[in-house]
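Q: Give me a 3D structure for the following:
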Amino acid sequence: MDLNSFKSRCLTGIFAANKESPELTTLFDEFIKFFGKLSGVDTRFDMNDWSSVHTEYGVAISPVQAAKCSQELRRSLIFMQGVKAAIEDKLSEGLSEVHILYAGTGPYATLLLPLLALHPSLPIRATLIDIHPENVVAVKKLIDTFDVEHCIERLICCDALKWQDEEKCSFDIVISETMTALLKREPQVWIFKHLFPYLKEDGILIPESIALSATLNRKGKQIHVGEFFNLQKSSVQKLSRGDDTLLRGELIIPDSHQPGDGFKLQTDIIVYGHYVLGENECSLNIPFTIPCEATNLSAGAIVKYEYTNYESPEFVFDFPASPRFVQDNHLAPIDEQGKLGLVGIKSAFQHSQLIKYGKNVAMPENIWLCQQALCEACDISLQDWLSQLYQSATLEFFEAWLIEQESRLQDNLFINELNSKLLLNYKSE
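A: Here you go, the predicted structure:
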């Protein structure tokens, strides 16, 4: 395929497509194959032959890894179209030229070069930065091939986190897509913080917003807990002024919390305007759910969080401590009672929680036999009993469930008689 055919068929098709376009796979297969051949960095190369760079503030992925990012169709499409829309909006404001700073180009400069290749007459002056020499060489080949040198002010090989502009330029748009889901591992936060002083007061950050939030995950139902961070212009401005208080805080678990709820973390991205990426649309939006047994959450619980470990950054959550009996591997004796006043169930509940927290604690035979007797007395299947024990976050939740199954447990006389039988048969000496 020659250049003109590639531009008229593939690039025009990409900018006209949407997330659901049936030809999206074909278009990006052509794009990746063509750009890989021209740049000399092919997605089929062995990633083990290419090295990432570990900076003070996160990992700069290898050229081949960066090229492979283009294989995420929706991600590439929405970022490319979002950048195009941002440029068009700036031109509509009457600017004679749009000045762009693009940090972390990868080998294809995917978010900008395809647009310049298709529309080389756009009045753009771009500064391109990448830490990998191989990427800079690859991008230079593409610039020359598409004859868009007049749109490129500078092509610089350096760490964007250390770059200082001697010419003291200011930019209408600052672009960087150096991230993973939940802003882990890569330096997106710190690149935006470092480059923010070069953004004009009315300038645009791409992406516009990276919102991180938590929900309770309950068998497909989502209960909102809260947004705990949003990397956007206002927050980047605070970070650039030295205010890092927004990198830590706390979330309060809502009253609607139920035992068994997972703690789900998600990433929602606004590239620009209505160009957005939501849950599971690409690797940047893959949610992460922490199971209930690892969080020990309850209604009203406070979960603290902080963005830590700058060399491989991530948000770390401080969940409530596990119960003391879990920490000590300790089971209550069979005759120790909870609020319900029924023997046997406190030790049975504690054993189920020890198993849930990964403790290898054998169940005493008398507690096992006592549970079987309780199931028979209350007409509850052993399977349902054990399942509910495991899923309940507290003994009180389990006791409430028991009363729903057997109304006689609200009668003290019934409980006293049952206790007497159980202790007679199953209390160990």
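Q: Walk me through the domains of this structure.
A: With domains defined by automatic domain parsing, the chain comprises 3-318, 326-426.
Q: shouldn't F6 be in contact with F34?
A: Yes: F6 is within contact range of F34, at 5.4 Å (criterion: C-beta atoms under 8 Å). Quick note: C-beta positions are derived from backbone N, CA and C, even for glycine.
Q: List the residues that contact I223.
A: Neighbouring residues of I223 by C-beta atoms under 8 Å, 6 or more residues apart in numbering: 215-216, 254, 256-257, 261.
Q: please redo it, this time with the cut-off set to 10 Å
A: When the contact criterion is C-beta atoms under 10 Å, 6 or more residues apart in numbering, the partners of I223 are 214-217, 253-254, 256-258, 261, 264.
Q: mind listing which of those residues are in helices?
A: Taking DSSP state H, every one of those sits outside helices.
Q: Give me the helix or strand of the chain that scores worst on average pLDDT.
A: None of the helices or strands of the chain scores lower by mean pLDDT, DSSP states H and E than helix 324-328, at a mean of 71.
Q: follow-up on the earlier one: where's the dip in pLDDT among the contacts of I223?
A: Lowest-confidence member of those: Q258, scoring 83 (pLDDT).
Q: What about it, how many residues nearby?
A: Neighbourhood size, Q258 [other C-beta atoms under 10 Å]: 17.
Q: nearest to I129, of the contacts of I223?
A: Ranked by distance to I129 (C-beta to C-beta), the contacts of I223 are led by A214 at 33.5 Å.
Q: Tell me the spatial nearest neighbour of that closest one, not counting adjacent residues.
A: If you skip the residues right next to it in sequence, A214 has V225 as its closest partner in space, 4.2 Å away by C-beta to C-beta, 6 or more residues apart in numbering.
Q: my guess is that neighbour is in a strand, correct?
A: Yes: assessed with DSSP: H, G, I helix; E, B strand; the rest coil, V225 lies in a strand.
Q: Make sure I380 is actually in contact with F398.
A: No: contact between I380 and F398 fails when scored by C-beta atoms under 10 Å: they sit 11.6 Å apart.
Q: right, and the residue nearest to A214 touches G262 too?
A: No: taking C-beta under 10 Å as the definition, V225 is not a contact partner of G262, at 11.3 Å.
Q: which strands and helices sit next to the least confident helix or strand of the chain?
A: For helix 324-328, the packing partners by 3 or more C-beta pairs under 10 Å, 6 or more residues apart in numbering; DSSP states H and E come out as helix 345-356.
Q: Give me the pLDDT for the residue nearest to A214.
A: The predicted structure scores V225 at 97 on the pLDDT scale.
Q: and it, how many neighbours?
A: Neighbour count of V225, defined by other C-beta under 10 Å: 21.
Q: ok, now I290?
A: For I290, which is what you asked about, the neighbour count (other C-beta under 10 Å) is 16.
Q: And the strands in the stretch 201-350 of the chain, which stretches?
A: When assigned using DSSP state E, counting those that start in this stretch, the strands of the stretch 201-350 of the chain occupy the ranges 209-218, 221-232, 248-252, 262-272, 275-277, 288-290, 302-308, 314-318.
Q: now those strands as a markdown table including distance to D328?
A: What follows is the strands of the stretch 201-350 of the chain, written out as a markdown table (distance: least, C-beta to C-beta, whole Å):
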| stretch | distance to D328 |
| --- | --- |
| strand 209-218 | 29 |
| strand 221-232 | 30 |
| strand 248-252 | 27 |
| strand 262-272 | 25 |
| strand 275-277 | 46 |
| strand 288-290 | 23 |
| strand 302-308 | 24 |
| strand 314-318 | 21 |
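Q: In terms of mean pLDDT, which of those ranks lowest?
A: Going by mean pLDDT, the lowest-scoring of those is strand 288-290, which has a mean of 92.
Q: Which elements pack onto that strand?
A: By 3+ C-beta pairs under 10 Å, 6+ apart, strand 288-290 packs against strand 209-218, strand 262-272.
Q: How far away from the center of its chain is that strand?
A: Centroid displacement of strand 288-290 relative to its chain, using C-alpha atoms, centre = their mean, to the nearest Å, is 9 Å.
Q: Just to check, V41 is in contact with P107?
A: Yes: between V41 and P107 a contact is recorded at 3.8 Å, counting by C-beta under 10 Å.
Q: any residues in contact with both of these two?
A: Taking C-beta under 10 Å, 6+ apart as the contact rule, V41 and P107 both touch 35, 62-64, 66-67, 132, 134-135, 137-139, 141.
Q: Spatially nearest residue to Y102 (excluding sequence neighbours)?
A: Counting by C-beta to C-beta, 6+ apart, Y102 lies nearest to I175, which is 4.5 Å off, once chain neighbours are set aside.
Q: partners of the strand or helix carrying the one you found in the sheet?
A: Under the assignment given by DSSP states H and E, the secondary-structure element containing I175 is strand 171-176. Strand 171-176 has these partner strands in its sheet, going by DSSP bridges: strand 98-103 (parallel), strand 199-206 (parallel).
Q: Adding mean neighbour count and mean pLDDT, write the ones you listed out as TSV.
A: Conversion of the strands paired with strand 171-176 to TSV gives the following (neighbours: other C-beta atoms under 10 Å; pLDDT from 0 to 100):
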stretch	mean neighbour count	mean pLDDT
strand 98-103	24	98
strand 199-206	17	97
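Q: want to throw the ones you listed into JSON lines with distance to K168?
A: Below are the strands paired with strand 171-176 laid out as JSON lines (distance: least, C-beta to C-beta, whole Å):
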{"stretch": "strand 98-103", "distance to K168": "12"}
{"stretch": "strand 199-206", "distance to K168": "13"}
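Q: between those strands, which one is nearest to S76?
A: Judging the strands paired with strand 171-176 by C-beta to C-beta, what sits closest to S76 is strand 199-206, at 13.6 Å.
Q: which other residues reach that closest one?
A: Around strand 199-206, the neighbours that count as contacts under C-beta under 10 Å, 6+ apart are 79, 82-83, 85-87, 89-90, 93, 98-102, 111-112, 169-177, 192, 195-196, 231-233, 236-237, 240, 270-273, 275.
Q: Could you check how many residues crowd around N280?
A: For N280, which is what you asked about, the neighbour count (other C-beta under 10 Å) is 11.
Q: Give me the local confidence score for the closest residue to it other than its chain neighbours.
A: Closest residue to N280 in three dimensions, ignoring its sequence neighbours and counting by C-beta to C-beta, 6+ apart: I286, at 6.3 Å. The predicted structure scores I286 at 96 on the pLDDT scale.
Q: Can you get me a residue count around I286?
A: Residues lying near I286 (other C-beta under 10 Å) number 15.
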